[in-house]
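> show me how the following folds:
(chains A and B)
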Amino acid sequence: MDSQPAGSGHIEVDRVTKTYASDAGDIQALDAIDLDIAPRELVTIVGPSGCGKSTLLRCIGGLIPPSEGRVLIDGEVVTEPDPRIGYVFQRAVLLPWRTVEKNVLLPFEIGGRPTSKDRKSVHEALEMVELSEYAKLRPAELSGGMQQRVAVARALVTEPSILLMDEPFGALDAQTRDSMNVELLRIWQEAKPTIVFVTHDIGEALFLSDRVVVMTARPGRVHEVVEVDIPRPRTFELVEGDKRFWALRHRIRAAL
Amino acid sequence: MTEQPTTEQKPRLLRRLRNEKPLGRILVVVSAALLLVVWEAWARTNSPLILPTPIAVFDRLVSYVSAGRAWPHITITVQEIVAGFALGSFMGIGLGTLAAEFNIARRVIMPYVIITQALPKFALAPILVIWFGFGTTPKIIIAALIAFFPLLENTYLGLTTTPALDLELFRALRAPRRVTLLKLRVPHAVPAVFSGLRVALLLSLVGAVVAEYVGANKGLGALIIVSQGMLDTELMFVAFVLLTLLGLTLDKLHGLSYRLVLRRLYGKTASSAGRAASRVSV
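Take a look at the predicted model:
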């Protein structure tokens, strides 16, 4: 993972609107979202449930097309899932019949026959999430936090320039979630992908990000974008001891 | 990391049954012995033409089998079951996969399936005898027709219930349709297909035996009809016992092969995977 990702990972969200048809008429999930996320930035998106956070992430990832507007990655319009993007979902989504390392190898297998270089990348990715010794186990033998780390390794193994994370630690207990967040920052420092991280936890958002995008619901709009000027490297002690943390937390909570 | 690896949550009823295993076994043995005693006592007050005693059935079974007279019947019936089951499974899994993979295939296949299911397959036995004679062919066809449906349904179910997030992952990884089928949907469908295979196996036994009633000179079903004609109730019970043993053996073979496949797929976690799979409806 020492080589830098190929692209630079610049994301532009240009007046993205998403409307779903439903029995009760059209539902507007996103309303003219504008965002510009710099390469290697760590941006979190917070908002009440149903505000379209996940929808926005899926539009950025090319999993669903926006109804209006467009998403550009490094200046190119996204029309379909993109190899420059790695995904981490709410659940680990590991294949239970595959070992940990085979799960991490999956992105290469889908692209064709994995090479020895690919296997080396799997090794390094597992090392990065500190799961090397669990490579031969199956997901059912791991805890929820470990499973989610395998999912992170799988997302990073192809060295994407962008990592999209959809409430990845939401299902974990508070302690595990904290340690996952510390690890995520370490991984981000090492691999330096652009990260867009969806969460409903304000503390988590402030701890992780350079900027917090605060969304409001129905239709999903960007309420404000909050700069988090807390210095790095961050620890929970440092962040929670920082006056700015509490001020920002208060401001975001009031906005939601 | 100090997190504890998860232990698969066991269904409470299952755990209780496991703990009570010794008691359960004792109860089964005791109740079976009681049943046999009641049967013996009841049969003694009756004509052996109506109900032979279990001891008489057992003696007859031993002499019949040791004289080598059971084997020709058993082998014929087993051949019919195996051939019918293989044919029905092949068709069921094949058409189930087509229906799951292509909407147009589903729309064409389903009406036919529903119509053939509405028609009782055994009703076809006489015409099949007219067409194919008294050999094994009509029995194989009946067994195949009856084995076909559970496999079609379970294959379709197994292939179309892949969790949405898993499919999204494969989409995000830009997996071609064929790869998604082979690497995700097929392994996901394994438990459902195996529970379909189990039903199909036992149904093809029923199919073969009942088809033999209509016209056959060999096979355990034919043996039942012959013993009825000769008013040899004892022999009929011998056939019942042999059929039961055959059914149990087939079910054991299914269970064994399923466990082997689970072990191959899931390694050490096979037992928890099997428990999860047993919740898949038939």
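
> what does the stretch 51-200 of chain B put close to chain A?
Listed as neighbours of chain A in the stretch 51-200 of chain B under the rule Cβ under 8 Å from any Cβ of the partner chain: B:163, B:165-166, B:168-176, B:179, B:183-184, B:187. All C-beta spots, glycine's among them, are computed from the backbone N, C-alpha and C.

> export stretch A:108-123 to CSV, keeping only CA atoms.
Listed next in CSV are the C-alpha coordinates belonging to stretch A:108-123 (Å, rounded to 0.1, in the frame of the first residue of the first chain):
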residue,chain,number,x,y,z
PHE,A,108,-9.5,-9.2,-7.8
GLU,A,109,-11.3,-12.5,-8.5
ILE,A,110,-14.2,-10.6,-10.0
GLY,A,111,-11.8,-8.7,-12.3
GLY,A,112,-10.3,-12.0,-13.5
ARG,A,113,-7.7,-14.5,-12.3
PRO,A,114,-5.8,-13.1,-9.2
THR,A,115,-2.1,-12.7,-9.7
SER,A,116,0.6,-13.2,-7.0
LYS,A,117,0.8,-9.4,-6.8
ASP,A,118,-2.9,-9.4,-5.9
ARG,A,119,-2.3,-12.0,-3.2
LYS,A,120,0.4,-9.8,-1.8
SER,A,121,-2.0,-6.8,-1.7
VAL,A,122,-4.4,-9.0,0.2
HIS,A,123,-1.7,-9.7,2.7
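
> circling back: just the residues of the stretch 51-200 of chain B next to chain A: which are in helices?
In this view, those that belong to helices under DSSP state H are B:Leu165, B:Asp166, B:Glu168, B:Leu169, B:Phe170, B:Arg171, B:Ala172, B:Val179, B:Pro187.

> and the pLDDT at the second one?
Same thing as B:Asp166. Note on B:Asp166: pLDDT of 95.

> number of residues surrounding it?
B:Asp166 has 18 neighbouring residues, counting by other Cβ atoms under 10 Å in any protein chain shown.

> that one and A:Val93 touch, don't they?
Yes. Between B:Asp166 and A:Val93 a contact is recorded at 5.6 Å, counting by Cβ atoms under 8 Å.

> how about the helices in the stretch 51-200 of chain A?
Residue ranges of the helices in the stretch 51-200 of chain A, as given by DSSP state H, counting those that start in this stretch, are A:53-60, A:100-111, A:116-128, A:144-156, A:174-191.

> rebuild the ones you listed as TSV, extending it with distance to chain B.
TSV is the format used below for the helices of the stretch 51-200 of chain A (distance: least, Cβ to the nearest Cβ, whole Å):
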stretch	distance to chain B
helix A:53-60	8
helix A:100-111	5
helix A:116-128	13
helix A:144-156	5
helix A:174-191	6
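
> any chance of TSV for the ones you listed, columns mean neighbour count and mean pLDDT?
Converted to TSV, the helices of the stretch 51-200 of chain A look like this (neighbours: other Cβ atoms under 10 Å in any protein chain shown; pLDDT from 0 to 100):
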stretch	mean neighbour count	mean pLDDT
helix A:53-60	24	93
helix A:100-111	21	94
helix A:116-128	17	92
helix A:144-156	25	94
helix A:174-191	17	90
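
> can you lay out those helices as CSV showing distance to B:Val108?
Written out in CSV, the entries for these read as follows (distance: least, Cβ to Cβ, whole Å):
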stretch, distance to B:Val108
helix A:53-60, 34
helix A:100-111, 31
helix A:116-128, 41
helix A:144-156, 39
helix A:174-191, 49
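
> looking at the ones you listed, spot the one closest to B:Arg25.
Go through the helices of the stretch 51-200 of chain A one by one with Cβ to Cβ and the one that ends up closest to B:Arg25 is helix A:144-156, at 37.6 Å.

> chain center to that closest one: distance?
12 Å (Cα atoms, centre = their mean, to the nearest Å).

> equivalent analysis for stretch B:68-80, please.
Centroid separation between stretch B:68-80 and its chain, computed with Cα atoms, centre = their mean, is 19 Å.

> before we move on, what about stretch A:172-185?
How far stretch A:172-185 lies from its chain's middle: 14 Å, per Cα atoms, centre = their mean.

> now stretch B:73-84
Taking Cα atoms, centre = their mean, the mean C-alpha location of stretch B:73-84 is offset from the chain mean by 14 Å.

> any idea of the mean pLDDT for that stretch?
pLDDT averaged over stretch B:73-84 equals 96, rounded to a whole number.

> ok, B:Thr161 - contacts?
Contacts for B:Thr161 were tallied using Cβ atoms under 8 Å, 6 or more residues apart in numbering or on different chains; they are B:His188, B:Ala192.

> pLDDT wise, what is it at?
On the pLDDT scale, B:Thr161 gets 95.

> tell me the first helix or strand C-terminal of the worst-scoring helix or strand of chain A on mean pLDDT.
One helix or strand of chain A scores below all others by mean pLDDT, DSSP states H and E: helix A:236-240, with a mean of 87. Sequence-wise, the next helix or strand downstream of helix A:236-240 (DSSP states H and E) is helix A:243-255.

> most surrounded residue in the residues of the stretch 51-200 of chain B next to chain A?
Going by other Cβ under 10 Å, B:Leu169 tops those with 27 neighbours.

> tell me the spacing between that residue and A:Gln148.
If you measure B:Leu169 against A:Gln148 using Cβ to Cβ, to the nearest Å, the figure is 13 Å.

> could you do A:Ile45 as well?
Computed with Cβ to Cβ, the distance linking A:Ile45 and A:Gln148 is 19 Å.

> and A:Glu190, by the same measure?
Looking at A:Glu190 against A:Gln148, where the rule is Cβ to Cβ, the gap reads 18 Å.
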